[in-house]
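**Q** everything below, folded, please.
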Amino acid sequence: MISFIVPAHNEELLVGQALSALEHAARASEETFEIMVVDDASTDATASIARQHGVQVIAIDRRQIAAARNAGAREARGDYFFFIDADTLATPKAVAAGIRALRHGAVGGGCVFNFDGSLPIWAKALHPIAVSVGRIIRLIGGCFLFCRSDVFRAIGGFSERVYAAEELFFIQALKQHGRFVVPPHFVITSGRKIRTYSITEIVNALVTLWLRGQISPQNHERLELWYGPRRPDPLGREHQLKTIK
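**A** Residues are numbered from 1 along each chain as shown. Sure thing, here's the model as predicted:
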């Protein structure tokens, strides 16, 4: 069985589309699967929309993405875990590539992503470089990750000591147990942070996180980029993620 785990906080605008894409990709795999949404302290209709899609909803009150992913994994029954963010569109090719890699000996992996919608010029210029570097060093963002369930348990899941960059620690732990792969396929994730934060704000947040190392993300302090109030997307409330065929 494949377990798809979707952490979510106040994602009523995008979670429905994300689940529709995931359901399509999961069915295309022709595998037995389950989908669970971990609703972490949402105050909007996230949980209600998820239930309309017939998926399992797990409610927690931690406001921490690592804790949300771990909560889903504790309930998951699959041999393989896929962690897919609630603002991300999975594709049949990405899911199939992940399953194939795990069956051929990889302990885990993840896909690089394209952003939806229009982006600032600086983001358009830097994104291809980041994708290329991520493929080379096999280090990617956390919107689409997968691993074997036994290895997940062996490494203790995602570290709940940190509130940001938890996927980087997770990937490094997976690499200690075996091969981590980055398939060639892209997924689509929301570009709202790129549109609503300036390059100065983003660079400052990342540099601060890097300079302070593992001490930095142990609480919400100075992590507005990840945990601050969501800024209005300039594309509007009705903006939807780009459809993937």
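**Q** thought E166 was touching F158?
**A** Yes - if you go by Cβ atoms under 8 Å, E166 and F158 touch, sitting 4.9 Å apart. The C-beta positions use only the backbone N, C-alpha and C, and glycine is treated the same way.
**Q** joint contacts of those two?
**A** I65, A66 (Cβ atoms under 8 Å, 6 or more residues apart in numbering).
**Q** between those two, which one's more packed in?
**A** For E166 and F158, the more surrounded residue by other Cβ atoms under 10 Å is F158, and the numbers stand at 25 against 22.
**Q** just checking, the more buried one touches F170?
**A** Yes - with contacts counted by Cβ under 8 Å, F158 reaches F170, the gap being 5.2 Å.
**Q** quick check: phi and psi at the residue nearest the centre of the chain.
**A** Centroid-nearest residue in the chain: C143, 2.1 Å away (criterion: Cα atoms, centre = their mean). The phi and psi torsions at C143 (degrees, to the nearest 10) take the values phi -70, psi -20.
**Q** could I get the contacting residues of it?
**A** Residues near C143 by Cβ under 8 Å, 6+ apart: I84, D85, D87, T88, F113, V187, T189.
**Q** okay, and which of those residues map to strands?
**A** Those of the contacts of C143 mapping onto strands are I84, T88, F113, V187, T189, per DSSP state E.
**Q** and the furthest pair within those?
**A** Farthest-apart pair in the ones in strands among the contacts of C143 is I84 and F113; separation 10.8 Å (Cβ to Cβ).
**Q** out of the two, which sits in the more crowded spot?
**A** I84 (28 against 23).
**Q** tell me the bridge partners for that one.
**A** I84 has these beta-bridge partners by DSSP bridges: F144.
**Q** in the longest helix that the chain contains, what counts as buried?
**A** Secondary structure of the chain per DSSP state H: the longest helix is helix 121-137. Neighbour counts using 16 or more other Cβ atoms under 10 Å place A123, H127, V131, G134 of helix 121-137 among the buried residues.
**Q** between those, which is closest to I199?
**A** Nearest member of the buried residues of helix 121-137 to I199, counting by Cβ to Cβ, is A123, at 7.8 Å.
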